[in-house]
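Asker: sequence? don't have it. structure:
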């Protein structure tokens with residue numbers, strides 16, 4: 001087996017342990033609920049183009065990731081959270097593979113490419129998005145594939161048409177995943193870095209092939225928008241206008257909001273910060289030109305994202321891709337020179353990896369006192385043994401100043417957390433009042449009545465209910481004509497039921513609480529609570 005094949009095998013193993021194992025442990029969040037509802041309604045209504053959410057038009061996001069999730073839902077069933085999240089995990093594997101294949105083209109060694117890929121795979125927000133049914137990971141993964149072919153296109157006279165075709169296809173796939181987001185957040189910073197370091201030499205000879213790339217990208221990425229604009233113009237224009245307005249007045253943050261972006265890499269926060277210190281690292285890296293390119297790509301992405309008024313932590317996902325490459329230059333330096341570092345330089349390494357070791361040493365004690373371990377003893381004991389053993393090994397090799405072992409043990413530590421400690425997240429879920437809305441759906445089906453929602457709309461509730469819930473608007477209230485129907489509403493709106501009692505009798509009432517966490521927890525949300533009333537029209 002060649003070294004390249006060994007590296008690919010290890011990357012596959014790390015991906016499986018971090019992104020596939022226990023993929024269905026965490027409950028579905030609000031973004032996932034929206035996406036999964038749209039995928040379910042695609043299949044239920046056999047409408048794969050005019051996408052819907054709760055039976056209403058949802059054109060905010062292009063449908064490619066939704067199609068992939070819908071297909072997975074058909075294969076695994078829409079009750080399988082694992083199956084619904086699997087496409088995101090698979091496209092993360094595509095991201096890691098492409099990243100590993102791209103870096104040697106930057107004249108980075110195969111070993112450093114391997115190290116950079118492991119850094120990327122174990123970065124916090126990559127893990128979060130790769131295990132989550134959100135569409136950011138799709139658009140940036142497809143864009144990185146496009147960048148791979150663009151690098152070939154810009155840097156060589158060979159296979160121009162092939163690179164243009166595949167670059168255009170995957171660029172179109174990226175647009176079909178989340179519109180122009182990755183064009184701005186990942187591709188544009190790449191082009192800025194490329195122009196700064198490598199220049200666009202000989203581009204005049206390539207314009208015809210580049211035109212093919214643009215036509216393919218715009219055709220594949222734009223046809224859905226054109227179709228929906230023509231098929232449902234009123235809803236499309238309304239949704240597009242609302243989305244455009246959000247860029248300037250929704251989640252508005254100051255320019256410096258992203259300046260702590262290195263923390264999104266999780267365990268690599270300190271090495272990522274050190275790798276940004278160009279004056280310190282520039283004469284220590286193996287390839288100064290490649291390091292400069294990685295640094296420009298990373299910083300350009302941060303600056304461009306900072307310009308946009310709307311800011312969210314997950315928007316930093318594309319920054320982690322070039323930052324993993326940038327961080328790998330520091331890690332590669334430690335592989336070569338850790339034994340020769342001065343005490344001052346060494347303190348940074350000891351602190352970073354020593355902190356990880358302390359977490360492993362503290363886990364058995366902290367877990368015992370902080371977690372509700374009934375029914376979780378296997379995972380607690382397994383995680384304690386694994387993390388404690390890795391922590392001791394980390395400290396041992398730190399003392400011996402053998403950094404390669406320290407690095408790979410850190411990767412193993414992340415794999416251990418995801419494989420053995422992650423299932424313990426269930427031990428935090430202690431809501432004695434929990435009642436799922438699938439119970440209500442079964443009750444409504446058995447008693448043959450329709451459930452409506454008054455005023456508010458919560459994606460997680462609709463997802464768990466299993467089918468669309470028609471909405472009653474307060475400003476244009478039109479009560480159902482049926483003699484018997486159900487209403488769910490927030491507790492603060494319960495007085496609305498009193499206004500109906502002259503014409504309706506309350507046959508049944510229940511409280512539904514979809515919060516998995518304790519009412520005392522800071523993440524407990526009142527929007528996941530509903531009062532249900534079964535009403536019957538009074539007869540004179």
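Answerer: Alright, I've got the coordinates. These numbers were taken from a predicted model, which means no experiment stands behind them.

Asker: let me see the contact set for residue 339.
Answerer: 401, 403 (CB atoms under 8 Å, 6 or more residues apart in numbering). No exception for glycine: its C-beta is placed from N, CA and C like everyone else's.

Asker: revised request: answer the last question for residue 65.
Answerer: 35, 87-88, 91, 135, 138, 177-178.

Asker: is it in a helix, a strand, or coil?
Answerer: Following DSSP: H, G, I helix; E, B strand; the rest coil, residue 65 is assigned to helix.

Asker: and it, what's its pLDDT?
Answerer: pLDDT recorded at residue 65 is 97.

Asker: so which helix or strand of the protein has the lowest pLDDT on average?
Answerer: When each helix and strand of the chain is scored by mean pLDDT, DSSP states H and E, helix 233-249 comes last, with a mean of 82.

Asker: the contacts of residue 65 in helices, which ones?
Answerer: In this view, the contacts of residue 65 that belong to helices under DSSP state H are 35, 87-88, 91, 138, 177-178.

Asker: would you mind listing which of these are buried?
Answerer: For the ones in helices among the contacts of residue 65, a burial check counting by 16 or more other CB atoms under 10 Å picks out 35, 87-88, 91, 138, 177-178.

Asker: turn the residues you listed into JSON lines, including distance to residue 436.
Answerer: JSON lines is the format used below for those (distance: CB to CB, whole Å):
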{"residue": "35", "distance to residue 436": "20"}
{"residue": "87", "distance to residue 436": "25"}
{"residue": "88", "distance to residue 436": "24"}
{"residue": "91", "distance to residue 436": "29"}
{"residue": "138", "distance to residue 436": "29"}
{"residue": "177", "distance to residue 436": "31"}
{"residue": "178", "distance to residue 436": "30"}
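
Asker: now, among those residues, which is nearest to residue 537?
Answerer: Residue 537 lies nearest to residue 35 out of those, by CB to CB, at 37.7 Å.

Asker: what residues go with each domain of this structure?
Answerer: As assigned by automatic domain parsing, the chain contains the domains 3-336, 341-428, 437-537.

Asker: tell me the most buried of the ones you listed?
Answerer: Comparing the domains of the chain by mean neighbour count (mean count of other CB atoms under 10 Å), domain 3-336 ranks first with a mean of 19.

Asker: pull up the distance across that domain, start to finish.
Answerer: One end of domain 3-336 to the other measures 19 Å (CA to CA, to the nearest Å).

Asker: ok so, going back, from the ones in helices among the contacts of residue 65, pick the one nearest residue 61.
Answerer: Distance to residue 61 across the ones in helices among the contacts of residue 65 (CB to CB) is lowest for residue 178, with 6.1 Å.

Asker: OK, contacts around the closest one?
Answerer: Contacts of residue 178 (CB under 8 Å, 6+ apart): 61-62, 65, 135-136, 138-139.

Asker: identify the farthest-apart pair in the residues you listed.
Answerer: Most distant of the contacts of residue 178, by CB to CB, are 62 and 136, 12.9 Å apart.

Asker: follow-up on the earlier one: go through the contacts of residue 65 and say which is closest to residue 281.
Answerer: residue 91 (31.8 Å).

Asker: correct me, but that closest one touches residue 140?
Answerer: No. Here residue 91 does not reach residue 140: they are 9.2 Å apart, not a contact under CB atoms under 8 Å.

Asker: for residue 380, which non-adjacent residue is spatially closest?
Answerer: In this structure, residue 380 finds its nearest non-sequential neighbour in residue 373, 5.3 Å apart by CB to CB, 6 or more residues apart in numbering.

Asker: please apply the same query to residue 27.
Answerer: Ranked by CB to CB, 6+ apart and with sequence neighbours excluded, the top spatial neighbour of residue 27 is residue 516, at 5.1 Å.

Asker: would you mind giving the contacts of residue 178 as JSON lines with distance to residue 379 added?
Answerer: Shown next, in JSON lines, are those (distance: CB to CB, whole Å):
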{"residue": "61", "distance to residue 379": "35"}
{"residue": "62", "distance to residue 379": "39"}
{"residue": "65", "distance to residue 379": "31"}
{"residue": "135", "distance to residue 379": "31"}
{"residue": "136", "distance to residue 379": "29"}
{"residue": "138", "distance to residue 379": "31"}
{"residue": "139", "distance to residue 379": "34"}
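
Asker: so where is this protein shaky, pLDDT-wise?
Answerer: 247-248, 250, 540 (pLDDT under 70).

Asker: can you tell me the centre-most residue of it?
Answerer: The chain has residue 129 as the residue nearest its centroid, 2.0 Å off, counting by CA atoms, centre = their mean.

Asker: quick one, what contacts that residue?
Answerer: Counting by CB under 8 Å, 6+ apart, residue 129 makes contact with 88, 92, 136-137, 314, 317.

Asker: tell me which two of the residues you listed sit farthest apart.
Answerer: 92 and 314 (14.4 Å).

Asker: just after the least confident helix or strand of the chain, pick out the following helix or strand.
Answerer: Using DSSP states H and E, the helix or strand that follows helix 233-249 towards the C-terminus is helix 269-275.

Asker: what packs against that following helix?
Answerer: helix 278-281, helix 317-337, helix 343-370 (3 or more CB pairs under 8 Å, 6 or more residues apart in numbering; DSSP states H and E).

Asker: indicate which one of the ones you listed is closest to residue 168.
Answerer: Nearest to residue 168 among the helices and strands packed on helix 269-275 is helix 317-337 (19.8 Å), distances taken as CB to CB.

Asker: can you check what angle separates that closest one from helix 343-370?
Answerer: 120 degrees (axes from the mean of the first three to the mean of the last three CA atoms, to 10 degrees).

Asker: can you map out the strands along the chain?
Answerer: With DSSP state E as the criterion, the chain has strands at 52-53, 56-57, 450-454, 471-472, 484-489, 504-513, 529-537.

Asker: what strands flank the fifth one, and is each parallel or antiparallel?
Answerer: Yep, that's strand 484-489 we're talking about. Sheet pairing for strand 484-489, assigned by DSSP bridges, gives strand 450-454 (parallel), strand 529-537 (antiparallel).

Asker: what does the first one give?
Answerer: For strand 52-53, sheet partners with direction are given as strand 56-57 (antiparallel), following DSSP bridges.

Asker: what's the strand it pairs with in contact with?
Answerer: Contacts of strand 56-57 (CB under 8 Å, 6+ apart): 50-51, 232, 235-236, 239.

Asker: list just the nearest of those to residue 462.
Answerer: For the contacts of strand 56-57, the residue nearest residue 462 by CB to CB is residue 51; the value is 14.7 Å.

Asker: do I have it right that the closest one meets residue 38?
Answerer: Yes. Using CB under 8 Å, residue 51 makes contact with residue 38 at a distance of 5.2 Å.

Asker: need the residues touching each of those two.
Answerer: Shared contacts of residue 51 and residue 38, defined by CB under 8 Å, 6+ apart, comprise 58, 63, 66.

Asker: tell me which of the helices and strands packed on helix 269-275 lies nearest to residue 451.
Answerer: Of all the helices and strands packed on helix 269-275, it is helix 317-337 that lies closest to residue 451, at 36.8 Å by CB to CB.
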